[in-house]
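Trainee: Here is a sequence together with a model predicted from it:
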Amino acid sequence: MSLQDILKRILDEASAEIKNIEADTDKEKKILAEESAKIEKAEQDKLNAKTEAVTQSIEKKMASMARRENAQALLRAKRNIITKSLELFLSKLENADDKTYGQILEKLFAKITFRSGKVFAPAKRLEITSKFAPPGFDVVAHKDIEGGFILHTGGTEVDNSFRSLVFSEFQDALTSYFAEQLKLI
């Protein structure tokens, strides 16, 4: 056998071995590509699941925040309605006719046990306030009082101004009454 024949045979065997290696490499590439695709798909599925979970969580939080905002807006609207109702009621008290105004004063003065002092009243209602004030009290006009009166005797003050009665002493009861009447509760 000649050297060329031996070389040719070695080259043919090497070529066959290269083809086998290339075939094996192609098979391994396919296997690796398939495994990589499976891993990529699994990772993408995990990412999609996480994204969906986060999206649902955000949607729930947004819905919760929207409900809370709506509830707060509704509460503010109800509070405004109640406040306006109280202000309207106060205005009605302050502008009541003399007969109704006198009946209210009579009930307020009935609870007074003091014997002397000053009664501060609205200038436009001095006459009617004087009529119902207990004897021994001086009735004096006061620019800051629109209805009712403030009584001073010694160191004691009794604030029976309509504003104080509506927005302080009887506010809770009036608020409940108006809320019920206006179907806010």
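Mentor: Sure, I can see it.
Trainee: contacts and neighbour counts: CA atoms only from here.
Mentor: Will do.
Trainee: give me the number of residues near the closest residue to Gln171 other than its chain neighbours?
Mentor: Spatial nearest neighbour of Gln171, chain neighbours left out: Leu165 (7.4 Å); criterion: C-alpha to C-alpha, 6 or more residues apart in numbering. Leu165 sits with 14 neighbouring residues when counted by other C-alpha atoms under 10 Å.
Trainee: which outside residues touch the lowest-mean-pLDDT helix or strand in the chain?
Mentor: The helix or strand of the chain with the lowest confidence, counting by mean pLDDT, DSSP states H and E, is helix 171-181 at a mean of 84. Outside helix 171-181, the residues within contact range by C-alpha atoms under 8 Å, 6 or more residues apart in numbering are Ile82, Ser85, Leu86, Leu165, Val166, Ile185.
Trainee: Out of these, list just those in helices.
Mentor: Using DSSP state H, the subset of the contacts of helix 171-181 located in helices is Ile82, Ser85, Leu86.
Trainee: what's the pLDDT at the second one?
Mentor: Okay, so that is Ser85. Per-residue pLDDT puts Ser85 at 88.
Trainee: helix, strand or coil for Val139?
Mentor: strand (DSSP: H, G, I helix; E, B strand; the rest coil).
Trainee: who touches it in this structure?
Mentor: Lys118, Val119, Phe120, Ala121, Leu126, Thr129, Ser130, Ala133.
Trainee: Tabulate the residues you listed in JSON lines, adding columns for secondary structure, distance to Glu28 and neighbour count.
Mentor: Formatted as JSON lines, the contacts of Val139 follow (DSSP: H, G, I helix; E, B strand; the rest coil; distance: C-alpha to C-alpha, whole Å; neighbours: other C-alpha atoms under 10 Å):
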{"residue": "Lys118", "secondary structure": "strand", "distance to Glu28": "108", "neighbour count": "18"}
{"residue": "Val119", "secondary structure": "strand", "distance to Glu28": "106", "neighbour count": "25"}
{"residue": "Phe120", "secondary structure": "strand", "distance to Glu28": "104", "neighbour count": "25"}
{"residue": "Ala121", "secondary structure": "strand", "distance to Glu28": "103", "neighbour count": "27"}
{"residue": "Leu126", "secondary structure": "helix", "distance to Glu28": "108", "neighbour count": "17"}
{"residue": "Thr129", "secondary structure": "helix", "distance to Glu28": "107", "neighbour count": "26"}
{"residue": "Ser130", "secondary structure": "helix", "distance to Glu28": "111", "neighbour count": "16"}
{"residue": "Ala133", "secondary structure": "coil", "distance to Glu28": "109", "neighbour count": "21"}
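Trainee: With pLDDT as added columns, please give those residues in CSV.
Mentor: Output for the contacts of Val139, formatted as CSV (pLDDT from 0 to 100):
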residue, pLDDT
Lys118, 94
Val119, 95
Phe120, 96
Ala121, 96
Leu126, 94
Thr129, 95
Ser130, 94
Ala133, 93
